[in-house]
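Chemist: Output the structure for:
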Amino acid sequence: MKILIFFAFILAVFAGTVISQNTSTPWTEWSKKDAEKILNDSAWGQSESVGVGEPVNTAVITKTQGGGSENIQRNGENAETMGGPKPVYYRARFLTAKPVREAFARMVTLSKPDAGKDLTDQLQEFIDRDFGNYLVVALSVESSDPRIAGGVMNMLSRLNKDTLKDKVYLERKDGKRLMLMDYRSPIADIMGAKFIFERSLDGQPFLTADSDSVRFVVEISEKMKFNMRFRVAAMMYAGKLEY
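Modeler: Numbering: from 1, shown residues only. As a prediction, this is how the structure comes out:
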């Protein structure tokens, strides 16, 4: 099961102590709408759309890996076959925030209702891990046309931490930034690309309960350039700042 292979991988990379928190409603009882709210429109998950009202043509996709650029022609696709406007939605989530991991876990169990307790136990282990001094933001792409989303995800799969240097960062309201530490390209899971940062800056936690806001900024190209603002005070979860 590919999703469980990823969970095993991330547990090995971010091994740590188990934390224990209680919530008023266990994640195993969340509805799909509850989970999607956490992932797409919450203190820990934000969405931004691009291309609304504009024709989208994926006949040519620009390859950005390395020093230059290269146009890649996709057979059988052109502006006419793509039809009208196709918005693309970028979803940024703090994967190291426990509620986001709970929401991902719930989406998995809802998609596999007959999987049983073994799957739930494995997902709970993933939820309960402490990521230590790592902070991870996951980025996925959605579109009503899978060819468009697939093209963007393919582009993300060709990137690496060197090509992303100085192009992706987290920024507090006071202008202090966390620059990218590492990058994991998308694999066969539901989470997308993973941008990895250190959780501390100058020996202190990058965010505290007194922080105002933090922005996730991506400036990969003119067509993939956006920033999403997260209000830190709203990131409290079961009495703890989760990010």
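
Chemist: and A35, what does it touch?
Modeler: W27, E102, A103, F104, R106, M107, L110 (Cβ atoms under 8 Å, 6 or more residues apart in numbering). Quick note: C-beta positions are derived from backbone N, CA and C, even for glycine.

Chemist: Out of the residues you listed, which comes closest to I38?
Modeler: I38 has its nearest neighbour among the contacts of A35 in A103, at 3.9 Å by Cβ to Cβ.

Chemist: Quick check: the gap between the closest one and W30.
Modeler: Distance, A103 to W30, by Cβ to Cβ, to the nearest Å: 7 Å.

Chemist: Can you give me the distance of the closest residue to M228 other than its chain neighbours to F195?
Modeler: Leaving aside its sequence neighbours, M228 sits nearest to Q46 (Cβ to Cβ, 6 or more residues apart in numbering; 4.2 Å). According to Cβ to Cβ, Q46 stands 14 Å off from F195.

Chemist: cool, and R215?
Modeler: 13 Å.

Chemist: Comparing A103 and W30, which shows the higher neighbour count?
Modeler: A103 (26 against 22; other Cβ atoms under 10 Å).

Chemist: Using the three-state scheme, assign the more buried one.
Modeler: helix (DSSP: H, G, I helix; E, B strand; the rest coil).

Chemist: mind checking pLDDT for it?
Modeler: With respect to pLDDT, A103 has a value of 98.

Chemist: on that earlier part again, out of Q46 and F195, which sits in the busier spot?
Modeler: A count of neighbours by other Cβ under 10 Å puts F195 above the other of Q46 and F195, at 24 against 20.

Chemist: so what does the helix or strand that contains that one touch, helix or strand wise?
Modeler: Here F195, judged by DSSP states H and E, is contained in strand 193-198. Judged by 3 or more Cβ pairs under 8 Å, 6 or more residues apart in numbering; DSSP states H and E, strand 193-198 is in contact with strand 134-143, strand 177-179, strand 182-184.
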